[in-house]
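here's a sequence, model it:
(chains A and B)
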Protein chains: 2
Amino acid sequence: MFASDTAVTALGEGRYATEIKAGWDVAGNANGGYLLSVVARAMLDAAGRPDPVTITAHYLAPGRPGSAIVAAEIVKRGRTFTTATGSLTADDKRLMQVLGTFGDLSTPIGPERVEASPPDLPPPDACSRVEPTETFPPPFMGRVDLRLHPDDSGALNGSPSGELRVRGWFRLLHHEPIDTIGLLLAVDAFPPTAFNARLPVGWIPTVELTAHVRSRPAPGWLRCAFTTRFVTGGFLEEDGEIWDDTGRLVAQSRQLALIPRA
Amino acid sequence: MFASDTAVTALGEGRYATEIKAGWDVAGNANGGYLLSVVARAMLDAAGRPDPVTITAHYLAPGRPGSAIVAAEIVKRGRTFTTATGSLTADDKRLMQVLGTFGDLSTPIGPERVEASPPDLPPPDACSRVEPTETFPPPFMGRVDLRLHPDDSGALNGSPSGELRVRGWFRLLHHEPIDTIGLLLAVDAFPPTAFNARLPVGWIPTVELTAHVRSRPAPGWLRCAFTTRFVTGGFLEEDGEIWDDTGRLVAQSRQLALIPRA
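Residues are numbered from 1 along each chain as shown, chains lettered A, B, ... in the order given. Below you'll find the model as predicted:
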C-alpha cells in the first residue's frame, strides 16, 4: 500500500525514520514522486497541517531501498499556512532537499475561473495499462495503476507519437483512496514526455519538481496530462495537470529535467 | 541601479548583510522579484556558481526598506550544480525562505525543440509605459522600464480586458545590462493577470514563486508574457515566459498566489 510504503516514524526534534521500499524504483532508483511523498508526510506531521499546498523538491542523489532519515524544520507557523524545509538522507548522503507550505484544503473558497478542461481520455479499459518489467517500463509501474491514452503510449512499443505529451489515468492499487500526498506521487508517475518525442535522450534526471495542490481529490480515477514546450539550454520542463473524477483540477506540477549530453 | 540596489556584503559563515532599498515597493512592501534577486545574489556567492538554474521562494512576511540579513547554506556541491537554501530576515522576522540550484549557463547545450513563440508585441514605443504613482501603479514601476501590450493595459485605466493575461516589454533603467539575476526581477515585475480579469480581488499575495533560468539573456529588451488558467480553491497560478531580444526563451516562471476571501 502507498500509505504504509511512505510511512514515517517520529524520532523527535523534527527527525523521522523511514524505509525506502523496494519496488517503487525506475532502474533501481526510487521514483521521485514516491520519495517526495515520504518527505511530505514527515513535513506535514511536523507542520501539524493536513495538506501540502505548494512543495518543491530538488533531487540531489538517487534513492535506493533501505532505511533513511527525514529532517523537517518549521520556518514559519502562520494563521493559515505553515512553511517548512525538509531533507531526505540515507547512508549520510543527502538525497533530496524540500521546501513546502502546508495548510487545510478541506473547504474550497474564493472565486472560480478555469480556462482549461480535463484531458479527453478513452475509458480506462480502452487505454494501455503500463505493466512493469525489470527494465522499461520500470518496476515502479507495478505499484500503481496507470493507463496511457492510446495516442501517447507509442513510446512503450517503439513507435513514439512525436508529440511532447503524455496523458492517462492514474489510481493507487487495490482501490486505496488517494489523498493530497498521493497527488505528489501522481505528478511524477508517468513516462517522460520526451520518450514520445524522438529526442536523442535516454535518462532524463529531474533537477527540481514543484507541485501545487488545489483541492483534495474525489475518490476514483485521476485524469492526468503532461506536456513539454521547451527543450532548450540542456533542460526541459514538464508541466502536469491532475484532475479528479468530478472534473476538478486538483494539482498542477512543473519539473525541470536535465538532458544529459548525448 | 538594480545591481547596487540588490548588493550583499559577506559577513562570513554564509551570512550576508543587505539593505532593502526604498522605491522597489508595491504599497510599501518590497516587490517579490526584487527580494528574490537579493537572496539569489547571496546564494550564488555562497555556491560559487554564476547562474541560478531553478529557484523557489516562499514569501512569509512583507519586506520594508531597511537592513536585512541573508543566510545561505550549501546543501550539495556537485560536479555541475550546487544546491543551497537561503533565507531573508529583517528585525528578527523571517521574510522569505528560498531553495535553489545554481550552475553555469554560459554554454547552451543539448537538443533544441521549442513548441511556442515569443509573445507578439507592438514595438516598445507603441506600448503603454507603466508610470509609477504613490498607490497604483506602484512606486516599483519607477525602478524598471515596463511597457504593456495595449490589449493588456486596460487594468491601469479601469477597463480591464477580461483576459487572464499580461504581455509586455521589460528592461532595466539607464540601459543597465540584465543578467540571470535580473531575470528573477522580470518574472515578478508585471501587474497581476487577475487585475485584467474583473475578479473580485484587490491584494493578491504571492505564496510561492519558482523560476527556471534557461539561458543568459542577450542585451536589449525582454519580451514577457504571463497567463493564468486556474483560479480555484482560493488560489491562482501565474505562468511567466521571458524571451530575449534574439527570440530565445531565457526563463520560465510560475507563482502560486492567494486570493483572499472577499
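
phi, psi for A:Leu121 please.
Main-chain torsions, A:Leu121, degrees, to the nearest 10: phi -120, psi 140.

spit out the contact partners of it.
A:127, A:149, A:167-169, A:223 (CB atoms under 8 Å, 6 or more residues apart in numbering or on different chains). (C-beta placed from N, C-alpha, C; glycine too.)

quick check: of the residues you listed, which has the highest neighbour count?
A:Gly168 (28 neighbours; other CB atoms under 10 Å in any protein chain shown).

if we can go back for a sec, in JSON lines: the contacts of A:Leu121, plus distance to A:Ile181 and pLDDT.
Output for the contacts of A:Leu121, formatted as JSON lines (distance: CB to CB, whole Å; pLDDT from 0 to 100):
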{"residue": "A:Cys127", "distance to A:Ile181": "25", "pLDDT": "96"}
{"residue": "A:His149", "distance to A:Ile181": "25", "pLDDT": "97"}
{"residue": "A:Arg167", "distance to A:Ile181": "23", "pLDDT": "98"}
{"residue": "A:Gly168", "distance to A:Ile181": "20", "pLDDT": "98"}
{"residue": "A:Trp169", "distance to A:Ile181": "19", "pLDDT": "98"}
{"residue": "A:Arg223", "distance to A:Ile181": "19", "pLDDT": "98"}
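
out of those residues, which sit inside strands?
Here DSSP state E is the test, and those give A:167-169, A:223 as lying in strands.

the stretch 1-150 of chain A: helices as residue ranges?
Secondary structure of the stretch 1-150 of chain A, counting by DSSP state H, counting those that start in this stretch: helices at A:2-5, A:32-47.

pull the distance from the first one to the chain's centre.
Read that as helix A:2-5. 14 Å (CA atoms, centre = their mean, to the nearest Å).

so which residues make contact with that helix?
By CB under 8 Å, 6+ apart, the list of residues contacting helix A:2-5 reads A:21, A:24, A:34, A:37, A:143, A:172-173, A:176, A:178, A:182, A:185.

can you mark which positions in it are buried?
Neighbour-count burial for helix A:2-5 flags A:2, A:5 (criterion: 16 or more other CB atoms under 10 Å in any protein chain shown).

just the CA trace of it, in PDB.
Taking C-alpha atoms only, helix A:2-5 is exported to PDB below (Å, rounded to 0.1, in the frame of the first residue of the first chain):
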ATOM      1  CA  PHE A   2       1.100   3.500  -0.800                       C
ATOM      2  CA  ALA A   3       0.300   4.800   2.700                       C
ATOM      3  CA  SER A   4       2.400   2.200   4.500                       C
ATOM      4  CA  ASP A   5       5.200   2.300   2.000                       C
END
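
now do it, average pLDDT.
Taken as a whole, helix A:2-5 has a mean pLDDT of 98.

what do you get for the longest one?
Per-region confidence: helix A:32-47 scores 98 on mean pLDDT.

rewinding a little: tell me which two in the contacts of helix A:2-5 are the farthest apart.
With CB to CB as the measure, no two of these lie farther apart than A:Lys21 and A:Ile178, at 17.8 Å.

before we move on, back to that, just name the most buried of the helices of the stretch 1-150 of chain A.
helix A:32-47 (a mean of 26; mean count of other CB atoms under 10 Å in any protein chain shown).

do that helix and chain B meet?
No - between helix A:32-47 and chain B, judged by CB under 8 Å from any CB of the partner chain, nothing touches; the nearest distance is 12.5 Å.

thinking again about what came up before, from the ones in strands among the contacts of A:Leu121, which is closest to B:Ser106?
Each of the ones in strands among the contacts of A:Leu121 was scored against B:Ser106 by CB to CB, and A:Arg167 proved nearest at 36.7 Å.

how near is the closest one to A:Ser153?
For A:Arg167, the distance to A:Ser153 equals 10 Å [CB to CB, to the nearest Å].

repeat for A:Asp145
15 Å.

what kind of secondary structure is the nearest residue to A:Pro111 once chain neighbours are set aside in?
In space, and not counting its chain neighbours, A:Pro111 is closest to B:Leu199: 5.5 Å by CB to CB, 6 or more residues apart in numbering or on different chains. Under the three-state scheme (DSSP: H, G, I helix; E, B strand; the rest coil), B:Leu199 adopts coil.

ok, now A:Leu185?
helix.

thought it was touching A:Val144?
Yes - A:Leu185 is within contact range of A:Val144, at 7.2 Å (criterion: CB atoms under 8 Å).

more crowded one of those two?
A:Leu185 (25 against 22).

quick one: pLDDT of that one?
On the pLDDT scale, A:Leu185 gets 98.

quick one: contacts for it?
By CB under 8 Å, 6+ apart, the contact set of A:Leu185 is A:2, A:31, A:33-34, A:36-37, A:144.

A:Asp145 and A:Ser153: which has the busier surroundings?
The residue with more neighbours, out of A:Asp145 and A:Ser153, is A:Ser153; 22 against 19, by other CB under 10 Å.

now do the same contact list for the more buried one.
So, once contact is read as CB under 8 Å, 6+ apart, A:Ser153 ends up touching A:127-128, A:130, A:168.

tell me the one of these nearest chain B?
The shortest approach to chain B among the contacts of A:Ser153 belongs to A:Gly168, at 20.0 Å (CB to the nearest CB).

hey, what's the closest one bridged with?
A:Leu148, A:Cys224 (DSSP bridges).

my guess is it meets A:Asp152, correct?
Yes - taking CB under 8 Å as the definition, A:Gly168 is a contact partner of A:Asp152 at 6.8 Å.

would stretch A:205-219 count as contacting chain B?
Yes - looking at stretch A:205-219 against chain B by CB under 8 Å from any CB, the contacts come from A:207-208, A:210, A:212, A:214-215.

who in the stretch 51-200 of chain A is up against chain B?
A:53-54, A:56, A:58, A:60-61, A:75-76, A:78, A:81, A:83, A:85, A:87, A:94, A:97-99, A:101, A:105, A:108-116, A:164, A:197, A:199-200.

hmm, 7 Å instead?
A:53-54, A:56, A:58, A:60, A:75-76, A:83, A:85, A:94, A:97, A:99, A:101, A:105, A:108-116, A:164, A:197, A:199-200 (CB under 7 Å from any CB of the partner chain).
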